[in-house]
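Trainee: Fold the following, please.
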Amino acid sequence: MPLTKLQIAPGIDKQNTEYGAEGKWVDGDNVRFRYGLPEKIGGWEKVTSDALVGATRAVLTYSDLNGVKYAIYGTNKKLYAYSENSYADITPTRATGSITQFATTSGSATVTVTDADHGALIGDFVTISSVSGAVGGLTQANLQGEFEILTVPNSNTYTIEAPASASSSATTGTATATYQINTGAAVALYGYGWGAGTWSTSTWNTTRSGLTGASGVLLQSSKWTLDNWGEDVLALQFDGGLYYWDTSGGLSSNAADTTNVSAGPTKSRFMLVSGDDRHVICLGTETTIGTDSTQDNMYIRWSSQETTNEWTPTATNTAGSHRLTDGNQIQTAVRSRGAVMVWTDSALYQMQFIGAPFTFGFKQIGSNCGAVGIHAAVDVSGTSFWMSDESFFMYDGAVKKIPCSVQDYVFDDINPNAKQDVFCSANSDFNEVMWFYPSEGSDQIDKVVMFNYAENLWYIGTLARSSWADSGVYDNPYATEFDSTDTTASISTINGLKAGRTFVYAHEKGVNDNGSAMSNHIESGDIDIQDGDQFMSIARFIPDFKNQAGTVDVTLKTRPYPTGTQTTHGSYDITTSTTKQDTRIRGRQISIRVASDAVDDKWRYGTLRLDMKPDGMRGS
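Mentor: So this is what the prediction gives:
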């Protein structure tokens, strides 16, 4: 009998049943498509072994005027700068206080600190200096340095953990406290806390049960937006203030601050710098600058041209403002070709520089197509891509819903409370747009869906990256992974530091998971002969792989009917020297699974050929 090619269409199809997806791939992980053929994705390696505190939600890579490369990372707890294999904590400070006493308990490392109207929250960071003397057997050194705040009993006290236990109970001492900006949650919390439900229906500090959208409160995770102002950096804390980091100040003792943006809004949802006209744009911001209680989630305000610190409109500057109407809140914005694209939760607007007297013109170009979060959109060479509540969209001169062969798989499994954490980015070397998202059972990002816009293909995976910067500044994409249980020492000593660390990886390097094996697979739907009228007998198959290294595991699966029990044959270990694989397989429908799970394995699938013939009408 002549050999039969097992023809399988590119891309993953999860919209159909496995039989309905005949001749298609139906599942995969850590696999991409190039030129219509599936292959194992590139590997990743840690940029350094350093651990960043908190969950990273934003990354910006750039070069200064001297060509030195930088990366800025915003976590729910900190702001970091990286360059030349070194990190620095550049988190802004918000206040300096006067500690009037420390209180210790014999045998305990917990210290109660008194500082009137400190404004600190649980999880905030304070640096204590100029301690007047020992307290309860704790030396000055034990009470000085950076601490994570453990509890906040009231507005005048909080507790910290000293690096040693007190030898006696005491209440004495004074010191100076420098407070970093308030931290936020690493995960979104829904229906949590005071006022989130009916009075007296639950116990203190527990989530109210049974809450739905109208009766609950969604407390979003903390995020950042980052952009360049020349070689310097603008950083906006979500629903918070705008900060400026001067690159020329170097990494050491150079925190971001408000020096160059002090006249700007103090509470906004999103920020970016417009294109060649160079305006700083704050979105979802204040109607009265400096009064955070006037924040309007649909309000846009921009600085005067070529300045970061002139925001009040006058007859001689280009500062201004505008309010959008379609939607409840502005979600995100990206620079595109000749315009800024602005998404609300329900619509898409185009913001275009038009000059005096209005500076910017606004045009609504789409409805019922809002973005799900502040990092849910990306622009690639003038085409915008984004995730909406139940669909994926693109704009290339017209708003288009992208046909998606994995749409139900993604949106039936996404965690609705954590949609705001979705992170979209491009991997331009492979023509991919990626959305990293938290699945139904996870409060952190744990899955990815990818769209190959050059070949119009979709594929899925379990790559968990909370932020991603495309290659360009660095030769490889830089991406971050958050581990909520990790307790690795951070780049600076912080006393009482809780678990939760981010690690940074350079992607498309080698074929391994940071030196370990990267498990990967792809599996097809069921395929039959003569519309399943007859059984088939398979005596052997001829493998076909390109760029193979190591061993590829090929498994064939058969079943007698679409709902019948599947029988597994193999796996068969295929090496570069394998010319054929003898088998004794019989079934009405057949599918194939290609996988590898060893260090340095690499493969690209070609076309499998089967020695296959009809084998009667009846099942066994």
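
Trainee: going forward, measure contacts and count neighbours with C-alpha atoms only.
Mentor: Will do.

Trainee: Show me how the protein divides into domains.
Mentor: Domain ranges of the chain: 4-43+517-614, 93-180, 187-220, per automatic domain parsing.

Trainee: what number of residues lie near the nearest residue to Ser168 once chain neighbours are set aside?
Mentor: Of all residues not flanking Ser168 in the chain, Ser106 sits nearest, at 4.0 Å (CA to CA, 6 or more residues apart in numbering). For Ser106, the count of nearby residues is 14 (other CA atoms under 10 Å).

Trainee: ok, the closest residue to Gln352 other than its chain neighbours to Asn228 distance?
Mentor: What sits nearest to Gln352 in space, not counting adjacent residues and going by CA to CA, 6+ apart, is Ala339, at 4.7 Å. Per CA to CA, to the nearest Å, Ala339 is found 17 Å from Asn228.

Trainee: now do Glu455
Mentor: 32 Å.

Trainee: can you map out the strands along the stretch 451-600 of the chain?
Mentor: 457-461, 467-469, 478-483, 494-495, 501-507, 520-524, 527-528, 536-542, 545-549, 552-559, 567-574, 581-587, 589-596 (DSSP state E, counting those that start in this stretch).

Trainee: so what does the third one touch, helix or strand wise?
Mentor: Taking 3 or more CA pairs under 8 Å, 6 or more residues apart in numbering; DSSP states H and E as the contact definition, the neighbouring helices and strands of strand 478-483 are strand 56-63, strand 467-469, strand 501-507.

Trainee: moving C-terminal of the least confident helix or strand in the chain by mean pLDDT, what's the next helix or strand?
Mentor: Ranked by mean pLDDT, DSSP states H and E, the weakest helix or strand in the chain is strand 189-190, scoring a mean of 69. Per DSSP states H and E, the first helix or strand lying C-terminal to strand 189-190 is strand 218-219.

Trainee: OK, contacts around Asn228?
Mentor: Tyr62, Leu234, Val273 (CA atoms under 8 Å, 6 or more residues apart in numbering).

Trainee: swap in Ile300?
Mentor: Ile281, Cys282, Leu283, Gly284, Thr285, Ser321, His322, Arg323, Leu324.

Trainee: just how off-centre is the one helix or strand it maps to within its chain?
Mentor: Assigned by DSSP H and E, Ile300 belongs to strand 299-302. Averaging C-alpha positions (CA atoms, centre = their mean, to the nearest Å) puts strand 299-302 26 Å from its chain's average.

Trainee: Give me the below-cutoff pLDDT ranges for the stretch 501-620 of the chain.
Mentor: 529-533, 616-620 (pLDDT under 70).

Trainee: CA atoms only: put the strand holding Ile300 into CSV for me.
Mentor: Written as CSV, here are the backbone C-alpha positions of strand 299-302 (Å, rounded to 0.1, in the frame of the first residue of the first chain):
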residue,chain,number,x,y,z
TYR,A,299,-11.4,62.3,31.9
ILE,A,300,-8.2,63.0,29.9
ARG,A,301,-5.7,65.7,30.7
TRP,A,302,-2.4,66.5,29.0
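
Trainee: Now that strand: average pLDDT?
Mentor: The pLDDT scores in strand 299-302 average 98.

Trainee: what's the following helix or strand past it packed up against?
Mentor: The element immediately downstream of strand 299-302 (helix or strand, assigned by DSSP H and E) is strand 320-323. The contact analysis (3+ CA pairs under 8 Å, 6+ apart) places strand 320-323 against strand 299-302.

Trainee: And the buried ones among the contacts of Asn228, selectable in ChimeraX?
Mentor: ChimeraX command restricting those to the buried ones, with burial defined by 16 or more other CA atoms under 10 Å:
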select :62,234,273
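
Trainee: Output the below-cut-off pLDDT ranges for the stretch 51-200 of the chain.
Mentor: 190-200.

Trainee: picking that back up, just put the domains of the chain in JSON lines and tack on distance to Tyr459.
Mentor: What follows is the domains of the chain, written out as JSON lines (distance: least, CA to CA, whole Å):
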{"stretch": "domain 4-43+517-614", "distance to Tyr459": "5"}
{"stretch": "domain 93-180", "distance to Tyr459": "38"}
{"stretch": "domain 187-220", "distance to Tyr459": "26"}
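
Trainee: nearest to Asn254, of those domains?
Mentor: The closest of the domains of the chain to Asn254 is domain 93-180. By CA to CA, the value is 11.2 Å.

Trainee: Okay, helices next: where are they in this protein?
Mentor: 140-143, 407-411 (DSSP state H).

Trainee: From the ones you listed, pick the one with the highest average neighbour count.
Mentor: Per residue and on average, the most neighbours among the helices of the chain fall to helix 140-143, with a mean of 19 (mean count of other CA atoms under 10 Å).

Trainee: Contacts for that helix, please.
Mentor: Ile128, Val131, Ser132, Gly133, Ala134, Ala162, Pro163, Ala164.

Trainee: Now, these that are in strands?
Mentor: The strands, defined by DSSP state E, take in Ile128 from the contacts of helix 140-143.

Trainee: Would you list the buried entries among the contacts of helix 140-143?
Mentor: Looks like those have Ile128, Val131, Ala134, Ala162, Pro163 buried, using 16+ other CA under 10 Å.

Trainee: Put together CSV for these, with distance to Asp475 on each row.
Mentor: Compiled in CSV, those are given as follows (distance: CA to CA, whole Å):
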residue, distance to Asp475
Ile128, 40
Val131, 47
Ala134, 51
Ala162, 43
Pro163, 41
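
Trainee: In the residues you listed, find the pair that's most separated.
Mentor: Maximum distance among the buried ones among the contacts of helix 140-143 (CA to CA): 15.2 Å, for Val131 and Pro163.

Trainee: Just the pLDDT at the most centrally placed residue in the chain, thanks.
Mentor: The centroid of the chain falls nearest to Ser466 when counting by CA atoms, centre = their mean (2.6 Å). Ser466 is assigned 97 on the pLDDT scale.

Trainee: quick one, what contacts it?
Mentor: 55-58, 421-423, 436, 445, 479-482 are the contacts of Ser466 under CA under 8 Å, 6+ apart.

Trainee: and if you look at Gln331?
Mentor: Here Gln331 is in contact with Arg269, Phe270, Val342, Trp343, Thr344, Asp345, Gly370, Ala371, Val372, Gly373, Ile374 (criterion: CA under 8 Å, 6+ apart).

Trainee: Including distance to Thr4, could the helices of the chain go into a markdown table?
Mentor: Shown next, in a markdown table, are these (distance: least, CA to CA, whole Å):
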| stretch | distance to Thr4 |
| --- | --- |
| helix 140-143 | 75 |
| helix 407-411 | 32 |
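
Trainee: List just the one of those that sits closest to Asn328.
Mentor: It is, among these and with distance given as CA to CA, helix 407-411, at 21.6 Å.

Trainee: Any chance you could list what contacts stretch 430-441?
Mentor: 34, 376, 378, 385, 387, 413-416, 418-419, 421-427, 444-454, 463-466.

Trainee: Figure out the length between the terminal residues of it.
Mentor: 30 Å.

Trainee: Averaged pLDDT, that stretch. What do you get?
Mentor: 97.

Trainee: If I look at Gly20, what pLDDT would I see?
Mentor: You'll see Gly20 listed with a pLDDT of 78.

Trainee: Check Arg208 too.
Mentor: 43.

Trainee: same check, this time on the one 10 residues further on
Mentor: On the pLDDT scale, Leu218 is placed at 70.

Trainee: I figured it was touching Ala188, is that so?
Mentor: Yes - counting by CA atoms under 8 Å, Leu218 does reach Ala188; the two are 7.0 Å apart.

Trainee: and for the two, which residues touch both?
Mentor: With CA under 8 Å, 6+ apart, Leu218 and Ala188 have common neighbours Asn417.

Trainee: Which one's more surrounded, those two?
Mentor: Ala188 (20 against 14).

Trainee: Next one: that one relative to Thr4, how far apart?
Mentor: 52 Å.

Trainee: what's the answer for Gly472, then?
Mentor: 44 Å.
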